[in-house]
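Enquirer: Give me a model of this one.
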Amino acid sequence: MRIGIAADHGGFELKNRLAEELRRANYEVADFGAYAFVPGDDYPDFVVPLAEAVARGDVGRGIALCGSGIGAGIAANKICGVRAGAVHDHFTARQGVEDDAMNVICIGGRTVGPSVAWDLVQTFLSAQFSGAERHQRRVAKVAALEHAPAAVH
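Expert: Here you go, the predicted structure:
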């Protein structure tokens, strides 16, 4: 499987470590940056191209990192076809894929250590969508929102 990875300054060091681990585990890695540590860079500049690659199918799954994992997830979820979630435990790394067809895992470089992050990535990559009718129905409802007009309150 080809895996995409991206990070801003908050996840830069962790991105490089995870990319190294992925290559050692024989994954092909597409690195969407950042390619240098720049304290003032912006996560959308790296996460959006990653998310677009996931949506196109250029990479099988994506790993998006920022300081908390939250901003990366918000940016990734703006791309049609992406189902991203901020993950900090094994249950959500697995369940997000099995039940919700999560295709981008978002991790905080300032909240999750490298060993735990690698465990989470392995859990995410080994999980498969269950295909259960109730999960397909829910994922379809979420996908329909990508084409719905915005509600005005």
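Enquirer: helix/strand/coil for I79?
Expert: coil (DSSP: H, G, I helix; E, B strand; the rest coil).
Enquirer: what about it, how many neighbours?
Expert: With neighbours defined by other C-beta atoms under 10 Å, the count for I79 comes to 22. Any C-beta I mention is one placed from the backbone N, CA and C, and that applies to glycine too.
Enquirer: Can you tell me the closest non-neighbouring residue to it?
Expert: Computed as C-beta to C-beta, 6 or more residues apart in numbering, the closest residue to I79 that is not its neighbour in sequence is A51, at 3.9 Å.
Enquirer: now do D8
Expert: Counting by C-beta to C-beta, 6+ apart, the nearest residue to D8 once its immediate chain neighbours are dropped is Y43, at 4.0 Å.
Enquirer: and A53, helix, strand or coil?
Expert: Of the three states, A53 takes helix according to three-state DSSP.
Enquirer: Pull the contacting residues for D42.
Expert: Contact partners of D42, counting by C-beta atoms under 8 Å, 6 or more residues apart in numbering, are D8.
Enquirer: typo on my end, it should be R137
Expert: Contact criterion C-beta under 8 Å, 6+ apart gives no residues in contact with R137.
Enquirer: Can you read off the pLDDT for H153?
Expert: For H153, the model assigns a pLDDT of 58.
Enquirer: whoops, F37 was the one
Expert: We have a pLDDT of 98 for F37.
Enquirer: Give me the number of neighbouring residues for it.
Expert: Applying other C-beta under 10 Å, we find 12 residues neighbouring F37.
Enquirer: Against G11, how distant is it?
Expert: From F37 across to G11, the span is 11 Å (C-beta to C-beta, to the nearest Å).
Enquirer: F32 against I3, yeah?
Expert: No - because the distance of 10.9 Å does not satisfy C-beta atoms under 8 Å, F32 is recorded as not touching I3.
Enquirer: Surely A34 touches D41?
Expert: Yes - taking C-beta under 8 Å as the definition, A34 is a contact partner of D41 at 5.6 Å.
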